[in-house]
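**Q** need coordinates for the following:
(2 chains)
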Amino acid sequence: MTALQHVKLGTYYVVHLPEADDFDFWRERARALVQCDVPPDRIAWVEPGGSGDLFAHGERRMPVPPMDAKPVRANRRFVSLAKNAILHSDPERFALLYRLLWRLQSNPRMMEDKADPDVRRIEELDKNVRRDSHKMHAFVRFRLVESEDEEVGEHYVAWFEPEHHILRANAGFFMRRFSNMRWSILTPRGSLHWDTETMSEGPPAERHDAPGGDPMENLWRTYYASIFNPARLKIGAMLKEMPKKYWKNMPEAALIPDLIAGAQGREAKMVEKGALEFEERPDTLAAIDKAIHGCRKCPIGQLDNHAVMGEGPQDAALMIVGEQPGDQEDQTGRPFVGPAGQLLDAHLEKVGIDRRAAYVTNAVKHFKYVQRGKRRLHQNPGAKEIDTCRWWIESEREIVKPKLVLAMGASAARSVLGKTVSISRVRGAPIALENGSELWVTAHPSYLLRLEGPAREEQARLFDADLAAVRQRLEELA
Amino acid sequence: MASQTVLQKLEILADAAKYDASCASSGTAKKNSLGGKGIGSTEGMGICHAYAPDGRCISLLKILLTNHCVFDCHYCVNRKSSNVARARFTPQEVVDLTLAFYRRNYIEGLFLSSGIVKSSNHTMEQIVEVARILREEHDFRGYIHLKTIPEADPEIVHQAGLYADRVSINVELPTDSGLTRLAPDKDARQIEGAMGKVKSDLVEAKDARKRFKHAPRFAPAGQSTQMIVGADAATDVDIVGKASRLYDNFRLRRVYYSAFSPIPDASAVLPLKRPPLIREHRLYQSDWLMRFYGYKPTDVMQATEADGNLPLDIDPKLAWALKFREAFPVDVNRASKEQLLRVPGLGVKAVGKILASRRHRALRLDDVALLTQSITKVRPFIVTVDWRPITLTDRADLRSLLAPKTEQLELFAA
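**A** Below is the predicted model:
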């Protein structure tokens, strides 16, 4: 221990700090030096392992402040910054802090002067240290070491390389978080060990002192790769917050180059697979007719079939939507001409709706079938196929602008509403549509064709009732 | 189907969760595991334990309990009619995964959401069960964010708030007509009703804690919501208006914007193109202006262009300043804090530093340069002891002078 002695004018002092992060030691020495009026340029501060040749012949004994020395003034802002800044790895930090303390004696409010170079520097050091600590909280990765000894149990060990002298200052964070876990953090500057009750410090460590892996890392890497959205690649934003220097100790970082390389391909594939590059909406029925014949946006369009366009007046008040063309419609190119169409015509006539005044079309424009020998058997379109074809029915609705849409069957209802509804639940009452028109839903006539006996009679009655309600509503709307 | 491993489930259910923007773990009550049986702490500031190449922070284990769903929302990868692979975690599996990740310091906690299976109530009960096991059986004191289901019984949602740090309900789309079109099973009134209920629970719990020290906490990090941008025709005026109404009515901590991005097996009614990331960024900037810079929603709306959208080439603050040039230049040595906050290029911190420093010196342009990121951006709008932008603020081509010069290049442009 250095003995104290009275201050000598013009002496150079050398202060050796016992630890690189020992704020209390620095504060005690700095206070005495200020009280002895030793100007900043006459002190060399040397941390362990640092060089002190600058003032090789400097005085190592501390001066004794006079009895009547004024108390040293330092405001709270300075102290809180200094406690952090002293953890910085910049060897000049002690001198900077002393210079600030020295200047504070004559200008107690100087910390407010944000344009002052010394103030700016201490704030920068403080910021760097806070960032390093924050990154330590974030990027330490524990690996489980299972002991054979039951008594000892699980031990979690991490290897971390901080940039500044922050290890000791952050012991509390890990203790508060993992208080019931046995853990160690090893760094090149020292190590920390917590046994669920006491904290102990150890010597500097090397990477191979820590375990090389943990089975859980496989799950973590899977999570990391899965949570990444390839359509939003923003590499700069990632690098800003997770610079490459940290990557070597993070198990997930090894995936980054491949994730980036694959991202654009994955995104392009999603866009292409959706393959829904509908251009401008067609603005005439003729344009729709032409376009649907070339439409291959869903698998149905790729079968051997022909598109069937809706038919009827362009200013029809009623639009009737069916499911899709059948075998006969596919051959004739007109909607509702097969058995179901004939049944529909009969019922329309019965309740007094003129089919020629209505616009009749289908939710799906092509015939979906499976080949059985010579026959083509009808297949229901899938939800995705109906949704794809919505583009066309929406275009038709926009041009015809019917006051009332009658959807026959679940597929037709889905193509208008965008969701699947239960026919029995929604039939018989209007559903308001976005553009002010209304939708009525009923069964598809082909459903009646599949029934027999009393069940068919009952359904035919319901179908007529729905049609009659539509007719009445049309008269009210006219 | 052969039973899936936890790894396979994690792959599917994390993938399904990535369209939720929020991963925040900040702003909750301080707690730690000293004196407890388990692990975990929250100390105010959130921690991002990793960043994905999409620039998003990974703070929480963000997964779905299941991606089976009875709803058919067109923008959602998990909708009923989508052909994605499906999986389902048991509550215990989620608990084990959360704890295993937490012990290795990978995460701050859990963000749990779910597709709707069986019924809304059943699903919500399962979500709450995960939180209950974590909190009660493992004394977990990390962060928990639960997505709540607006159609579920308010009593179960209340239960969620008692375990969670934050609860959220997505409004999904900025307009009611967009919601009807793209999320036909959802109901805007029901969503807002559920948010209103959460708000009153929050107020009630806060009030109770004022009077009784041991009253239970209810979602101390508040509630948030998310809106999808670019899936419907809503303009930025619509979106900003909706966001500010939500902030006012439901005391939300945050409104998140999520640029609609292409999803596998997309529905036909959606625009399948690159996500409008810049637009999303501009909306966040406007959100910041309203939350920290004293801008009113009407100020932001005034910064939009004729089509009702914020300009993409310049930020909303600069757009506002260019429209209201009579408010500039501002004298940094005399202007009020409110005036300084309107100067493009001056952030909240820079304004604080200017206000503190000008008590000690008359600021010159060089001084201001030390306190800000870029003096060129600020210069046309300020007056200092040695600087006055004589004709600069009146120049018609000021916008082109200040807008970023070059288009950002495509990273992998062919």
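**Q** can I see the domain layout of the chain?
**A** Using chain A. A:5-135, A:140-209, A:216-274, A:285-477 (automatic domain parsing).
**Q** chain B, not that one
**A** Taken from automatic domain parsing, chain B resolves into B:6-275, B:324-402.
**Q** ok, longest helix in the chain?
**A** Assuming you mean chain A. When chain A is parsed with DSSP state H, its longest helix is helix A:453-477.
**Q** was after chain B, sorry
**A** Max-length helix for chain B by DSSP H is helix B:188-211.
**Q** let me know the secondary structure of the residue in chain B that chain A sits nearest to.
**A** Here the residue of chain B nearest chain A is B:Gly55; by CB to the nearest CB that distance is 2.8 Å. Just so you know, the C-beta spots here come from the backbone N, C-alpha and C atoms, and that holds for glycine as well. B:Gly55 falls in the coil class when you classify it by DSSP: H, G, I helix; E, B strand; the rest coil.
**Q** pLDDT-wise, which helix or strand of chain B ranks last?
**A** helix B:398-402 (a mean of 72; mean pLDDT, DSSP states H and E).
**Q** pLDDT weak spots in the chain?
**A** Using chain A here. A:1-9, A:52-57, A:148-152, A:270-280 (pLDDT under 70).
**Q** chain B is the one I meant
**A** Looking at chain B by pLDDT under 70, you get B:1-2, B:264-274, B:391-396, B:404-414.
**Q** can you pull out the strands in it?
**A** Here chain B has its strands, by DSSP state E, at B:50-51, B:57-58, B:60-64, B:109-113, B:143-147, B:166-168, B:223-229, B:254-259, B:330-331, B:382-383.
**Q** and the fourth one, does that touch chain A?
**A** Spelled out, that is strand B:109-113. No - judged by CB under 8 Å from any CB of the partner chain, strand B:109-113 stays clear of chain A, getting no closer than 10.4 Å.
**Q** how many neighbours does the nearest residue to B:Ser81 once chain neighbours are set aside have?
**A** Distance criterion CB to CB, 6 or more residues apart in numbering or on different chains; nearest residue to B:Ser81, sequence neighbours excluded, is A:Ala383 at 3.6 Å. Around A:Ala383 there are 20 other residues, counting by other CB atoms under 10 Å in any protein chain shown.
**Q** from B:Thr384, how far off is the nearest residue in space to B:Ile375 that is not next to it in sequence?
**A** Leaving aside its chain neighbours, B:Ile375 sits nearest to B:Ala369 (4.0 Å; criterion: CB to CB, 6+ apart). B:Ala369 sits 10 Å away from B:Thr384, taking CB to CB, to the nearest Å as the criterion.
**Q** over to B:Asp72?
**A** 60 Å.
**Q** got the contact list for residue 210?
**A** Since you didn't name a chain, this refers to chain A. A:Arg143, A:Val157, A:Ala158, A:Trp159, A:Leu186 (CB atoms under 8 Å, 6 or more residues apart in numbering or on different chains).
**Q** sec struct for the third one, please.
**A** Taking three-state DSSP as the rule, one finds A:Ala158 in the strand state.
**Q** so what pairs up with it in the strands?
**A** A:Ile185 (DSSP bridges).
**Q** ok, it touching A:Arg141?
**A** Yes - the pair A:Ala158 and A:Arg141 qualifies as a contact (CB atoms under 8 Å) at a distance of 5.9 Å.
**Q** overlap in contacts, those two.
**A** By CB under 8 Å, 6+ apart, the residues touching both A:Ala158 and A:Arg141 are B:Asn105.
**Q** please report the distance of B:Ala321 from B:Trp288.
**A** According to CB to CB, B:Ala321 and B:Trp288 sit 15 Å apart.
**Q** who has more neighbours out of those two?
**A** B:Ala321 (24 against 16).
**Q** got the buried residues for the longest helix of chain B?
**A** Buried residues in helix B:188-211, counted by 16 or more other CB atoms under 10 Å in any protein chain shown: B:Ala188, B:Ile191, B:Glu192, B:Ala194, B:Met195, B:Lys197, B:Val198, B:Lys199, B:Asp201, B:Leu202, B:Ala205, B:Arg209.
**Q** what of stretch A:210-229?
**A** By neighbour count with 16+ other CB under 10 Å, stretch A:210-229 contains the buried residues A:210-211, A:214, A:216-217, A:219-220, A:222-229.
**Q** which of those residues fall in helices?
**A** Using DSSP H, the buried residues of stretch A:210-229 in helices are A:Met216, A:Glu217, A:Leu219, A:Trp220, A:Thr222, A:Tyr223, A:Tyr224, A:Ala225, A:Ser226, A:Ile227.
**Q** which of those residues come close to chain B?
**A** With CB under 8 Å from any CB as the criterion, these include A:Met216, A:Glu217, A:Leu219, A:Trp220, A:Thr222, A:Tyr223, A:Tyr224, A:Ser226, A:Ile227 near chain B.
**Q** which one among those gets closest to A:Lys248?
**A** Set against A:Lys248, the nearest of these by CB to CB is A:Glu217 (14.2 Å).
**Q** thought that closest one was touching A:Pro251?
**A** Yes - between A:Glu217 and A:Pro251 there is a contact at 4.2 Å, judged by CB under 8 Å.
**Q** what does the stretch 101-250 of chain B put close to chain A?
**A** Close to chain A, as judged by CB under 8 Å from any CB, the stretch 101-250 of chain B has residues B:Phe101, B:Arg103, B:Arg104, B:Asn105, B:Tyr106, B:Ser177, B:Thr180, B:Arg181, B:Leu182, B:Pro184, B:Asp185.
**Q** of those residues, which belong to helices?
**A** B:Phe101, B:Arg103, B:Ser177, B:Thr180, B:Arg181, B:Leu182.
**Q** nearest residue to the last one in space, please, no chain neighbours.
**A** It stands for B:Leu182. Using CB to CB, 6+ apart, the closest residue to B:Leu182 is B:His74 (4.6 Å).
**Q** and if you look at the fourth one?
**A** Closest residue in space to B:Thr180, ignoring its immediate chain neighbours: A:Glu434 at 6.5 Å, by CB to CB, 6+ apart.
**Q** try the third one
**A** Of all residues beyond its chain neighbours, the one nearest B:Ser177 is A:Glu434 (5.8 Å), with distances taken as CB to CB, 6+ apart.
**Q** wait, doesn't the one you found sit right on B:Arg181?
**A** Yes - at 6.7 Å, A:Glu434 counts as touching B:Arg181 under the criterion of CB under 8 Å.
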